[in-house]
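A.B. asks: okay, predicted coordinates and the sequence, questions at the end:
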Amino acid sequence: MSLLKFIDFPPLGDERGSLVALEGNKNVPFTIKRVYYIFDTKKGVSRGFHAHKKLQQVVICIAGSCRMVVDDGATREEAWLNSSLKGLLINGFVWREMHDFSDDCILLVLASEHYDEADYIRNYENFLKEVS
Ligand code: TYD
């Protein structure tokens, strides 16, 4: 089974344009406790390089593009995020890296928990130990 779990968000479009609604426990499979966005990422910068123990997230690229790498310690997969109509669901114990941000990239992230540094695994060797 692929680690790349995408959720489709069909646009509620009309002649004026498009709109996507995100609702916790409906089209987003958890209660949304936190929303943040990553933007203005400088050229050549990669981000992420961590896993979470408990946190679930849905990542939506609402402008521009970037390349997302996900890794469960056994398999590494990657995908371009470039659509505001698709969210990548990332569950616990998945290492993630974001690369090749376009200048206009905005990543919207919905999170199941408040920010908690204790939930992060920021060292890849420690991550491999925890998942093995
Ligand atoms: P970090 O999770 O390391 O960013 P990325 O994975 O995109 O590289 O977060 C960067 C900084 O922001 C770090 O000091 C923690 C802080 N932060 C918060 O205070 N609250 C949040 O909700 C998030 C996601 C990060």
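C.D. replies: That came through fine.
A.B. asks: and the strands in the chain, which stretches?
C.D. replies: Assigned by DSSP state E, the strands in the chain fall at 5-8, 34-39, 47-52, 57-63, 66-71, 76-81, 86-90, 95-99, 106-111, 120-121.
A.B. asks: near the ligand, which residues of the protein are found?
C.D. replies: Neighbours of the ligand within the chain, by CB under 6 Å from any ligand atom: 34, 36, 38, 47-48, 50, 115. For the C-beta atoms, the positions are set from N, CA and C on the backbone; glycine is no exception.
A.B. asks: any idea how far the residue lying farthest from the centre of the chain lies from A51?
C.D. replies: The centre of the chain is farthest from one residue, E15, which by CA atoms, centre = their mean lies 30.1 Å away. Per CB to CB, to the nearest Å, E15 is found 44 Å from A51.
A.B. asks: what's the answer for V94, then?
C.D. replies: Distance from V94 to A51, by CB to CB: 6 Å.
A.B. asks: any chance of CSV for the strands of the chain, columns mean neighbour count and distance to A21?
C.D. replies: What follows is those, written out as CSV (neighbours: other CB atoms under 10 Å; distance: least, CB to CB, whole Å):
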stretch, mean neighbour count, distance to A21
strand 5-8, 14, 13
strand 34-39, 13, 14
strand 47-52, 18, 25
strand 57-63, 21, 12
strand 66-71, 20, 23
strand 76-81, 14, 19
strand 86-90, 21, 12
strand 95-99, 19, 25
strand 106-111, 19, 12
strand 120-121, 16, 30
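A.B. asks: need those in TSV (columns: distance to N27 and mean pLDDT).
C.D. replies: Listed next are these as TSV, based on distance: least, CB to CB, whole Å; pLDDT from 0 to 100:
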stretch	distance to N27	mean pLDDT
strand 5-8	7	98
strand 34-39	15	98
strand 47-52	21	98
strand 57-63	9	98
strand 66-71	20	98
strand 76-81	17	98
strand 86-90	8	98
strand 95-99	21	98
strand 106-111	10	98
strand 120-121	27	98
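A.B. asks: brilliant, that's me finished.
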